[in-house]
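S.K.: quick one, fold the following:
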Amino acid sequence: MEENVYEKFELRENRAEDFVPREYQVEILEKALKHNTIVYLPTGSGKTFIAAMLIKYKSQCLLKKYTDGGKRTFFLVNTVALVSQQAESLRRQLPLEIGEYCGYMGVDYWNADIWKQELDKNQVLVMTAQVFLNMLHHGYISLPDVNLLIMDECHHAVNHHAMRQIMQQFEGLSIEQQPHILGLTATLLNSNCKSDKVESEIHSLEVTLQSKIVSAVNEDMVQVCVYISSLL
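M.R.: Here you go, the predicted structure:
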């Protein structure tokens, strides 16, 4: 990559000293910029920071209002508790407007006009995967209007889970119409996976998310362990 990824990523000035990317995070970001990616790293290793860097790097198309042709980034989580947690993390790291949405806010009863207001107001929307799936079903958002789709704990994208159903909506769309995908996970398998199914389950996850799994290896993993230890 010709340009320095880190140099292009400008954080909020008053927080910049808290967010200096490690070498392994920059290397994973470079891969995530080239193709749809599942980031496989242990808890506490800064997966959300990698997501924030990718959001910022691809944020040019977010600057217009949605109703004026701007696109939007969606950060999907598996539980209601993670909505506020991840939204707050992104607010600390990004100079963008971040909205958060889940069922208890009554979003299931919102109409198209309310969603248009929210899409105009916020450039990044954090929500449960089910809320986003409902938006697709009601026509409140279409995948070509999404520049980046981030799925936290993406190993849940199996069977009838909302994340998997969302990916099924990609069928029939050209590559140009499809959002860029970033999956985040600390585990590639669900707990009930049998040992003889490990390889096929991992391959299935890559196929479902149309992504390649990327992790830190060898000397990079030492950096990961040191980074996690520094947070304890």
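S.K.: name the residues that touch stretch 77-84?
M.R.: For stretch 77-84, contacts defined as C-beta atoms under 8 Å, 6 or more residues apart in numbering pick out 86, 100-104, 126-129, 152-153, 156, 163. No exception for glycine: its C-beta is placed from N, CA and C like everyone else's.
S.K.: pull out the buried members of these.
M.R.: 86, 100-102, 126-129, 152-153, 156, 163 (16 or more other C-beta atoms under 10 Å).
S.K.: tell me how many other residues surround the nearest residue to Glu153 once chain neighbours are set aside.
M.R.: Distance criterion C-beta to C-beta, 6 or more residues apart in numbering; nearest residue to Glu153, sequence neighbours excluded, is Asn78 at 4.6 Å. Neighbourhood size, Asn78 [other C-beta atoms under 10 Å]: 20.
S.K.: how about Gly106?
M.R.: 10.
S.K.: how close does it get to Leu63?
M.R.: 29 Å (C-beta to C-beta, to the nearest Å).
S.K.: check Phe75 too.
M.R.: Phe75 is 18 Å from Leu63, by C-beta to C-beta.
S.K.: which of these two has more neighbours?
M.R.: Neighbour count, other C-beta under 10 Å: between Phe75 and Leu63, Phe75 has more, with 28 against 11.
S.K.: so the more buried one makes contact with Gln85?
M.R.: No. Using C-beta atoms under 8 Å as the test, Phe75 is too far from Gln85 to be in contact (11.1 Å).
S.K.: buried sites along stretch 177-188?
M.R.: Quick answer for stretch 177-188 (16+ other C-beta under 10 Å): 178-185, 188.
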